[in-house]
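In: one predicted model, sequence on top.
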Amino acid sequence: MKAIGVLALALALTSSAMAGPANSTIGGKRLQNDNVHNVGVGYPSLFYEWWNKGQRELDWALKGALVYGDWPVVYADGRFIRIGLGLSAPLRWHLSTKKRAKATNDVSFRFTPGILLAGNRSDAFTFGIKAEVAAPVSLDVHERVSVITGGAIPFAVYLSNRDIGARGFIPLLFRMGVEIKAAQHVSPFFLFELGPGIGVGNGAADVSFAWRLWVGTSFWGVMGN
């Protein structure tokens, strides 16, 4: 992740144009277009998001994910979810924009409620509930580059149809990523999140490193959509 910081610093020192990609789906900038499509693959899921520019400072999306690892984060306790379908509705409120000499900063608050229908490693059905809160930050350091940072807490609970007991996760993640303006209507991204995670289940709790990783792209204005 050190390379991302070095890239951001180099671009900030060499450029006076701080527009960045027109639309951000993982950062803190407001959408400029009415509709934006976002697809990504990584761990623990492959996903598609349909983003919409809402009223005032709100952007919202509908998200579907093919989940093949632990839904909220990868956790040291081992893979519990084998495969499942995740459905969620990200909501993002833009809080502030600050224009500086070499960068433009945008901060938002993001809330993502969701559910999971999946099978687990004990061959039982699992129903998951997630309530994720995040503070995404976009740093436009170049006319084509936005560095992404901030934090996220993807709180989740698993309920199974066998006597496995409920399982809960409370990860505290730091976000590191980048969005790049590859073309007029296309913006690839990279996002890595890492931090401590608290796992609760079977009458015990433990703390370990938790992480998740995605690469993908956003696109808009295709065939008029």
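Out: Looks like it arrived, so ask away.

In: C-alpha from now on. contacts and neighbour counts both.
Out: Noted.

In: how about the strands in this structure?
Out: Per DSSP state E, the chain carries strands over the ranges 35-43, 45-53, 58-67, 74-75, 81-88, 91-99, 104-120, 125-142, 145-160, 167-171, 173-180, 186-201, 204-219.

In: now render the ones you listed as CSV, adding mean pLDDT, distance to G20 and mean neighbour count.
Out: Written out in CSV, the entries for the strands of the chain read as follows (pLDDT from 0 to 100; distance: least, Cα to Cα, whole Å; neighbours: other Cα atoms under 10 Å):
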stretch, mean pLDDT, distance to G20, mean neighbour count
strand 35-43, 97, 16, 20
strand 45-53, 97, 18, 20
strand 58-67, 98, 18, 20
strand 74-75, 70, 30, 22
strand 81-88, 94, 27, 20
strand 91-99, 95, 13, 17
strand 104-120, 95, 9, 20
strand 125-142, 94, 5, 23
strand 145-160, 93, 5, 22
strand 167-171, 88, 30, 22
strand 173-180, 97, 7, 23
strand 186-201, 92, 10, 20
strand 204-219, 91, 13, 18
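
In: make CSV out of these and add distance to K29.
Out: CSV is the format used below for these (distance: least, Cα to Cα, whole Å):
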stretch, distance to K29
strand 35-43, 13
strand 45-53, 11
strand 58-67, 10
strand 74-75, 27
strand 81-88, 20
strand 91-99, 7
strand 104-120, 5
strand 125-142, 6
strand 145-160, 10
strand 167-171, 24
strand 173-180, 11
strand 186-201, 13
strand 204-219, 14
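
In: wait, doesn't R110 sit right on A131?
Out: No: between R110 and A131 no contact is recorded; they are 10.5 Å apart, counting by Cα atoms under 8 Å.

In: go ahead and flag the most central residue of the protein.
Out: Nearest to the centroid of the C-alpha atoms of the chain, with distances taken as Cα atoms, centre = their mean, sits I26, at 5.5 Å.

In: distance of it from G177?
Out: Taking Cα to Cα, to the nearest Å as the measure, I26 and G177 are separated by 9 Å.

In: also L213?
Out: With distances taken as Cα to Cα, L213 is found 10 Å from G177.

In: could you tell me which residues touch both of the two?
Out: For the pair L213 and G177, residues contacting each of them under the criterion Cα atoms under 8 Å, 6 or more residues apart in numbering are 190-192.

In: what sits closest to I129 if chain neighbours are left out?
Out: I115 (4.7 Å; Cα to Cα, 6 or more residues apart in numbering).

In: same thing with N161?
Out: In space, N161 is closest to F125, 5.8 Å off (Cα to Cα, 6+ apart).
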